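[1] structural data only, the sequence is not supplied:
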């Protein structure tokens, strides 16, 4: 490009390029730079021996389309605080470093972009879709305090990072995305920072992070998400931190984290979720969430966790298990039982197992439910054995008093032991042990009916106790 074709501002930028000197045009009236001039400098700008070239411009208006598709830019590029009239086209291009901090753009078409160092979009304002799908960023990606807007109508996401690879951190704190943020099947070699971010796509998916892989932590404290967070199949080696967050997707699934592997899942101090959650087949070492944070429907079948924080009584967790849309999910009860057993809270573990049997009872036929009610009332399915003692003592007292007042006649006169109402009643109640009283005396009338009732009740109590003990032994 000939020098006499350049405007004074463009000439100033060209002269600064060989030494990498910065050109600040933010003071005074807005200065225009043609995108074609910037493209020529990026791809074939002048060089000076002993100097490191670079394009560093701030405060300019970029006119025309900055088209560097498939090009290789070997110098540092910083176009900060600039305003672009057209969407830059960077598809398939390669940059050493690219910095657009504080710029205003109608969008960005940069799928399969390769950046050898850092890509910085801090404080940018995008008025249209941004595509970084399939990008390869060796360093960090900074989109903190940036704003992204999806186009009105249609399903095009506001920000695409799907299938991208980031060699260091993805920093998106205080970012605001109006529309869908897509980061599915992406790989982040360090951490993701979404602290204080706002993702808005009411009625749809706010964050599509299916099969996202994060080598460290995913920080999202104080996140506001209006729409679904989709983390199906995600792999977060460290902590997924949603503490103090606000997640809302009324009438739908607000947190979809099924089939995920997460080191620690934090939802502590978060607002009660507005919508259901899906943790099917998810694995985590620590689940840090208060039961009251999960007020709606849940899907917990296959959820595996080692620790649960904070430690609360079983009565607070059992209503959550009752709200599982899959109905009776034995695995969820076994997981909670195992947790309480590991921390030595045997009372809570028994409460969970008792609740499990009561929940199972509702799935049985009428005769199964009847037998279940009988086991529950008598011995609490074996988890409350003292109930059997109370029943036995009560029936023993009833029988002893009744037969002491009305002593039954002997079967054979002169061939019977002395009658003892207590041991006679014990003979009726205990189906195995015999004190020689039951076979020697024969009650009449209503007392005979009482003896039959005591025998039947004794067998029922014995059977339910054995059932409960067998269940307890099998758990051990």
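    Arrived safely, thanks for sending. Treat the numbers as computed from the prediction; the structure is a model and nothing was measured. Residues are numbered from 1 along each chain as shown.
[2] for the chain, what spans make up the helices?
    Ranges of helices in the chain, per DSSP state H, are 8-16, 35-44, 314-322, 330-342, 346-361, 366-379, 386-405, 421-429, 446-475.
[3] could you look over those helices and pick the most buried one?
    Ranked by mean neighbour count, those are led by helix 421-429 with a mean of 22 (mean count of other CB atoms under 10 Å). C-beta: built from backbone N, CA, C; applies to glycine.
[4] elements contacting that helix?
    In terms of contacts (3 or more CB pairs under 8 Å, 6 or more residues apart in numbering; DSSP states H and E), helix 421-429 is packed against helix 386-405, helix 446-475.
[5] starting at the chain centroid, how far to that helix?
    58 Å (CA atoms, centre = their mean, to the nearest Å).
[6] ok, back up a step: the helices and strands packed on helix 421-429: lowest mean pLDDT?
    Note on the helices and strands packed on helix 421-429: lowest mean pLDDT is at helix 446-475, with a mean of 70.
[7] quick check: residue 116 touching residue 93?
    No: taking CB atoms under 8 Å as the definition, residue 116 is not a contact partner of residue 93, at 11.8 Å.
[8] so if I had to pick from those two, which one is more boxed in?
    Neighbours were counted for residue 116 and for residue 93 using other CB atoms under 10 Å; residue 93 has more, 22 against 15.
[9] any low-confidence regions in the stretch 251-400 of the chain?
    378-379, 382, 384-388 (pLDDT under 70).
[10] whoops, the stretch 51-200 of the chain was the one
    Residues of the stretch 51-200 of the chain that meet the cut-off, pLDDT under 70, sit at 153-154.
[11] what's the distance between residue 196 and residue 169?
    Distance from residue 196 to residue 169, counting by CB to CB, to the nearest Å: 16 Å.
[12] then residue 329?
    38 Å.
[13] which residue is the nearest non-sequential neighbour of the most centrally placed residue in the chain?
    Geometric centre of the chain, nearest residue: residue 257, 4.8 Å, by CA atoms, centre = their mean. Counting by CB to CB, 6 or more residues apart in numbering, residue 231 is the residue found nearest to residue 257 once chain neighbours are left out, at 4.5 Å.
[14] how about residue 345?
    residue 311 (7.7 Å).
[15] got it, and residue 206?
    Nearest to residue 206 is residue 227, by CB to CB, 6+ apart, at 3.2 Å.
[16] mind listing what the one you found touches?
    The neighbourhood of residue 227, defined by CB atoms under 8 Å, 6 or more residues apart in numbering, consists of 180, 199-207, 248-249.
[17] and it, what's its pLDDT?
    On the pLDDT scale, residue 227 gets 96.
[18] how far away is it from residue 31?
    Per CB to CB, residue 227 is found 40 Å from residue 31.
[19] who is the residue nearest to residue 72 when sequence neighbours are not counted paired with across the strands?
    Closest residue in space to residue 72, ignoring its immediate chain neighbours: residue 94 at 4.5 Å, by CB to CB, 6+ apart. Here residue 94 shows beta-bridge partners residue 72, residue 114, assigned using DSSP bridges.
[20] surely residue 94 is in contact with residue 117?
    No: when contacts are counted by CB under 8 Å, residue 94 is not listed as touching residue 117 (11.3 Å).
[21] excluding its backbone neighbours, what's nearest residue 96?
    Nearest to residue 96 is residue 116, by CB to CB, 6+ apart, at 5.2 Å.
[22] list the residues that contact that neighbour.
    Per CB under 8 Å, 6+ apart, neighbours of residue 116: 94-97, 138-139.
[23] just the residues you listed now: which is nearest residue 211?
    Relative to residue 211, the closest of the contacts of residue 116 is residue 138; by CB to CB it sits at 21.7 Å.
[24] quickly note the distance from that closest one to residue 341.
    48 Å.
[25] what's the answer for residue 182, then?
    For residue 182, the distance to residue 341 - CB to CB - is 42 Å.
[26] residue 22 too?
    65 Å.
[27] what do you get for residue 398?
    38 Å.
[28] once you drop chain neighbours, what's closest to residue 299?
    Nearest non-adjacent residue to residue 299 (CB to CB, 6+ apart): residue 278, at 4.4 Å.
[29] can you check residue 297 too?
    residue 276 (3.9 Å).
[30] okay, now the residue nearest to residue 232 when sequence neighbours are not counted: neighbour count?
    If the residues on either side of it in the chain are set aside, residue 232 comes closest to residue 210, at 4.7 Å by CB to CB, 6+ apart. The number of residues packed near residue 210 is 21, by other CB under 10 Å.
[31] next one: the one 10 residues further on
    Residues contacting residue 220 under the criterion other CB under 10 Å number 27.
[32] roughly how far does the residue nearest to it when sequence neighbours are not counted sit from residue 146?
    Leaving aside its sequence neighbours, residue 220 sits nearest to residue 194 (CB to CB, 6+ apart; 4.1 Å). Look at residue 194 and residue 146: by CB to CB, they are 12 Å apart.
[33] joint contacts of those two?
    172, 175.
[34] more neighbours, these two?
    residue 194 (27 against 24).
[35] what about residue 156, how many residues nearby?
    With other CB under 10 Å as criterion, residue 156 counts 15.
[36] before we move on, what about the one 4 residues further on?
    Applying other CB under 10 Å, we find 26 residues neighbouring residue 160.
[37] beta partners for it?
    Here residue 160, judged by DSSP bridges, has bridge partners residue 131, residue 182.
[38] who's in contact with it?
    111, 129-133, 182.
[39] same thing with residue 242?
    Residue 242 touches 220-221, 223, 265-267, 270, counting by CB under 8 Å, 6+ apart.
[40] residue 26: which of those residues is nearest?
    residue 223 (32.9 Å).
[41] for the closest one, what are its contacts?
    Residue 223 touches 194-199, 242, 245-247, counting by CB under 8 Å, 6+ apart.
[42] can I get the residues you listed in a markdown table including distance to residue 88?
    Listed next are these as a markdown table, based on distance: CB to CB, whole Å:
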| residue | distance to residue 88 |
| --- | --- |
| 194 | 25 |
| 195 | 28 |
| 196 | 28 |
| 197 | 24 |
| 198 | 25 |
| 199 | 24 |
| 242 | 34 |
| 245 | 33 |
| 246 | 34 |
| 247 | 34 |
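[43] out of the helices of the chain, flag the one nearest residue 440.
    helix 421-429 (8.7 Å).
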